[in-house]
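A.B. asks: sequence unknown, structure follows:
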Ligand SMILES: Nc1ncnc2c1ncn2[C@@H]1O[C@H](COP(=O)(O)OP(=O)(O)OP(=O)(O)O)[C@@H](O)[C@H]1O
Ligand SMILES: [Mg+2]
């Protein structure tokens, strides 16, 4: 059993609170990704789970047992750090087997476990090299290998894969996720989307939302998650609610000649300043949605099958994703439509209006 449960977990350094009450349940063998901007508390949370930081308040359970005061070595956890150090005078093989030798594991058993980890990480041809004879990505894989050989119940990874190519990353994800619970930290939302069963979006020491990748993408709870998950970022347009029924509101778009559109939401109040969210790929051809807006193009990137158009109106910058059209190269303006069914509405505090 390697489930995890965090209940009202807090962390303070002196008078500075950096984790402000985190509740989270992670199932056995789940692959969970913590994502959030720099400084939001990802590493701190991971280090508390590993036992490298004390928990200021709240409870940590692993496999149903309270672990707050259990020694890191007895938690069944292996952690790969954001910055790692290999033993420079040891070969890849010895670096990977070190923890097992230290624990008194028999030599032939160490050899088997190192071999297995080397296979997962495509390190087999490099086992007799020294760290200085490896590339950055290869060194990073050795650091991961040191964790894998220990067969932990729970893996904690603090941004360890940034140097790995996509194929190896997916391979490793499959191999590891079969055996252990995984908590993986990254500030890269694309990496989070591709790796996770469950994404935990953190900001400033609290959880903003927990969910499956596409649920966060399709149904963000607030403007922060809406803007953080998805690439290019969701566009935000200033608006005011000018009319309201029980099942819809009508908005006036501040920077687009007071263009109006109705959204199927039941919240919000007339006169309220709101933000309309539209993903780059959800702008349509003129006439295809409920309202058209005309924009001045700043830059267009033509990628072959897709193009990204960076445009603005009234100082509001927008990104539009389009199917590539050779006719559009060099255009100065663009008109797009907004489909209310594919748009999101947020209040002034960034909470979703539904
Ligand atoms: N020992 C410490 N004393 C005081 N503040 C600390 C200490 N360690 C971390 N912090 C603060 O706690 C906050 C969270 O830090 P943490 O390292 O968890 O961020 P992170 O989300 O991992 O960021 P990054 O993506 O940059 O690695 C930061 O504001 C940081 O400055
Ligand atoms: Mg960190």
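C.D. replies: Done, it's in. Predicted, not measured: the structure shown is a model, and the values here were computed from it. Ligands and ions are numbered 1, 2, ... in the order given.
A.B. asks: Show me where the stretch 51-200 of the chain has its helices.
C.D. replies: 92-102, 107-120, 136-148, 166-177, 189-195 (DSSP state H, counting those that start in this stretch).
A.B. asks: I would like the residues contacting the shortest one, please.
C.D. replies: The set of residues that contact helix 189-195 without belonging to it, under CB atoms under 8 Å, 6 or more residues apart in numbering, is 31, 33, 35, 161, 166, 169-170, 173, 184, 186, 199, 213, 217, 228-231. C-betas here are computed from N, CA, C, even on glycine.
A.B. asks: Which among those residues count as buried?
C.D. replies: 31, 33, 35, 161, 173, 184, 186, 199, 213, 217, 228-230 (16 or more other CB atoms under 10 Å).
A.B. asks: least confident pick among those?
C.D. replies: The pLDDT minimum for those sits at residue 161, where the score is 68.
A.B. asks: Close to ligand 1: what parts of the stretch 1-150 of the chain are there?
C.D. replies: 13, 16, 18, 36, 38, 39, 40, 41, 42, 43, 44, 82 (CB under 6 Å from any ligand atom).
A.B. asks: Any quick PyMOL command for the buried ones out of the residues you listed?
C.D. replies: Typed into PyMOL, the next command selects the buried ones out of those (criterion: 16+ other CB under 10 Å):
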select buried, resi 18+36+40+41+42+43+44
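A.B. asks: how long is stretch 257-275 end to end?
C.D. replies: End-to-end distance for stretch 257-275, by CA to CA, to the nearest Å: 16 Å.
A.B. asks: Give me the domain ranges for the chain.
C.D. replies: 4-228, 235-346 (automatic domain parsing).
A.B. asks: and residue 353, which of these is closest to it?
C.D. replies: domain 235-346 (4.1 Å; CB to CB).
A.B. asks: Look up the closest residue to residue 350, ignoring the ones flanking it.
C.D. replies: residue 223 (3.8 Å; CB to CB, 6 or more residues apart in numbering).
A.B. asks: I figured that neighbour was touching residue 276, is that so?
C.D. replies: No: between residue 223 and residue 276 there is no contact under CB atoms under 8 Å: 10.6 Å.
A.B. asks: what touches both of these two?
C.D. replies: With CB under 8 Å, 6+ apart, residue 223 and residue 276 have common neighbours residue 236.
A.B. asks: Bridged to residue 211, which residues?
C.D. replies: Applying DSSP bridges to residue 211 yields these beta-bridge partners: residue 199.
A.B. asks: tell me the contacts of it?
C.D. replies: So residue 211 contacts 198, 199, 219 (CB under 8 Å, 6+ apart).
A.B. asks: Mind pulling the model confidence for it?
C.D. replies: Reported pLDDT for residue 211: 98.
A.B. asks: Could you do the one 10 residues further on as well?
C.D. replies: Note for residue 221: predicted pLDDT of 98.
A.B. asks: and it, backbone torsions?
C.D. replies: phi -80, psi -20 (degrees, to the nearest 10).
A.B. asks: Could you tell me the least trusted of the helices of the stretch 51-200 of the chain?
C.D. replies: The bottom spot among these, by mean pLDDT, belongs to helix 166-177, with a mean of 78.
A.B. asks: Spell out the secondary structure type for residue 215.
C.D. replies: On the three-state scheme (DSSP: H, G, I helix; E, B strand; the rest coil), residue 215 is labelled helix.
A.B. asks: neighbours around it, how many?
C.D. replies: Using other CB atoms under 10 Å, residue 215 has 14 neighbouring residues.
A.B. asks: Most widely separated two among the residues of the stretch 1-150 of the chain next to ligand 1?
C.D. replies: 16 and 82 (20.3 Å).
A.B. asks: where do the strands sit along the stretch 151-300 of the chain?
C.D. replies: Remark: strands assigned in the stretch 151-300 of the chain by DSSP state E, counting those that start in this stretch are 154-158, 181-186, 198-203, 206-211, 235-244, 249-253, 260-263, 273-278, 283-284, 291-302.
A.B. asks: Just the residues contacting the second one, thanks.
C.D. replies: The one in question is strand 181-186. Outside strand 181-186, the residues that reach it (CB under 8 Å, 6+ apart) are 2-4, 26-35, 42-43, 46, 49, 82, 153-159, 161, 176, 192, 195-196.
A.B. asks: Restricted to buried residues, select those in PyMOL.
C.D. replies: To isolate the buried ones among the contacts of strand 181-186 in PyMOL, judged by 16+ other CB under 10 Å, type:
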select buried, resi 2+3+4+26+29+30+31+32+33+34+35+42+43+46+49+153+154+155+156+157+158+159+161+176+192+195+196
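A.B. asks: How about the backbone phi and psi for whatever residue of the stretch 151-300 of the chain ends up closest to ligand 1?
C.D. replies: Residue of the stretch 151-300 of the chain nearest ligand 1, by CB to the nearest ligand atom: residue 187 (4.6 Å). Note on residue 187: its backbone torsions stand at phi -100, psi 0 [degrees, to the nearest 10].
A.B. asks: I'd say it and residue 159 touch.
C.D. replies: Yes: using CB under 8 Å, residue 187 is in contact with residue 159, at 7.3 Å.
A.B. asks: Serialize the contacts of residue 211 to CSV and add fields for distance to ligand 1.
C.D. replies: Formatted as CSV, those follow (distance: CB to the nearest ligand atom, whole Å):
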residue, distance to ligand 1
198, 18
199, 15
219, 24
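A.B. asks: give me every residue that touches residue 261.
C.D. replies: So residue 261 contacts 250, 251, 253, 289, 290, 291, 338, 340, 343 (CB under 8 Å, 6+ apart).
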